[in-house]
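Asker: coords below, sequence missing:
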């Protein structure tokens, strides 16, 4: 697959990767069909972008990335979010490489089967000069539980910008039984990929946690609450995030590896 290049924008894709995880310690180094999870994420991302880096606070992950020929950057272990880690990483990358980037893509380190087309769709949002931050959504399929609080939902405006993110099913449908809410209304799930204009990263990563963010435990609400606009692109490609060892076993049973 040819690498995605924009005639104007220089793009850096950063994969934040922590070793510590309460539900799956050492997750980035989990074996998936003979390759570590972080290698699979890296290779899928590299199919979309030329400049790809893993940002980690763990020397074991750093060494594994170097061992398969990838690029890794050591970052602080004090970061509260992937966005914060991306900010430190891009500053180090630009300082050490001499490159200057326009867009930073934050790729989830626990999606080893991410489709490069999703990454390209995400970056396409920046064809509009007004785009500050971009993310992806996917329509809930028939039978999927829109009330699952572990799957964030998003309301999208006619301009394809996020109005609100919530763990609750939104919109709320008054006087309609909950099991019928999705029958004739589109509900969108949030796909946790982000891209940012390089020049706003210092600002959004310096914002204090907001009231809505603390309520919902969703970082992106901090940006909305502070007046930033989040452009949304829709994908129809299914994603497979791995949060626990059981998730890995389920994907193996599905024949994904």
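Answerer: That came in fine, so what should we check first? In this text the structure is predicted, and so the values were computed from the model without any measurement.

Asker: Please report how far the most centrally placed residue in the chain lies from residue 237.
Answerer: With distances taken as C-alpha atoms, centre = their mean, the residue of the chain nearest its centroid is residue 193 (2.3 Å). For residue 193, the distance to residue 237 (C-beta to C-beta, to the nearest Å) stands at 11 Å. C-betas here are computed from N, CA, C, even on glycine.

Asker: shared neighbours of those two, which are they?
Answerer: residue 118 (C-beta atoms under 8 Å, 6 or more residues apart in numbering).

Asker: And the next helix or strand past the helix ranked longest in the chain?
Answerer: Ranked by number of residues, the top helix in the chain under DSSP state H is helix 82-97. Per DSSP states H and E, helix 82-97 leads on to strand 103-106 as the next helix or strand towards the C-terminus.

Asker: Next up, the contacts around the residue nearest to the centre of the chain.
Answerer: Contacts for residue 193 (C-beta under 8 Å, 6+ apart) come out as 105-108, 114, 118-119, 122, 135-136.

Asker: In three-state terms, label it for me.
Answerer: strand (DSSP: H, G, I helix; E, B strand; the rest coil).

Asker: cool, residue 165 as well?
Answerer: Quick answer, by three-state DSSP: residue 165 is strand.

Asker: Look up which residues are beta-bridged to it.
Answerer: Taking DSSP bridges as the rule, residue 165 bridges to residue 154.

Asker: and it, what does it touch?
Answerer: Contacts of residue 165 (C-beta under 8 Å, 6+ apart): 152-154, 190, 216, 218, 220-221, 224.

Asker: returning to that earlier point: now do the buried residues in the longest helix of the chain.
Answerer: Within helix 82-97, the residues that count as buried by 16 or more other C-beta atoms under 10 Å are 82-90, 93.

Asker: Stretch 27-34 too?
Answerer: Applying 16+ other C-beta under 10 Å to stretch 27-34 flags 27-30, 32 as buried.

Asker: Reformat those as TSV; add distance to residue 70 and secondary structure.
Answerer: Shown next, in TSV, are those (distance: C-beta to C-beta, whole Å; DSSP: H, G, I helix; E, B strand; the rest coil):
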residue	distance to residue 70	secondary structure
27	17	helix
28	12	helix
29	13	helix
30	16	coil
32	16	strand
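
Asker: Reformat these as TSV; add distance to residue 98 and pLDDT.
Answerer: Output for the buried residues of stretch 27-34, formatted as TSV (distance: C-beta to C-beta, whole Å; pLDDT from 0 to 100):
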residue	distance to residue 98	pLDDT
27	33	93
28	28	95
29	31	96
30	35	94
32	35	94
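
Asker: Would you mind checking which of those residues is nearest to residue 241?
Answerer: residue 27 (10.7 Å; C-beta to C-beta).

Asker: For the closest one, give me its contacts.
Answerer: Counted by C-beta under 8 Å, 6+ apart, residue 27 has contacts 19, 21, 37, 109-110, 242.

Asker: and those residues, which are buried?
Answerer: So, by 16+ other C-beta under 10 Å, the buried ones in these are 19, 37, 109-110, 242.

Asker: Which two of these have the greatest separation?
Answerer: Greatest spatial distance among those (C-beta to C-beta): 19 and 242, at 14.8 Å.
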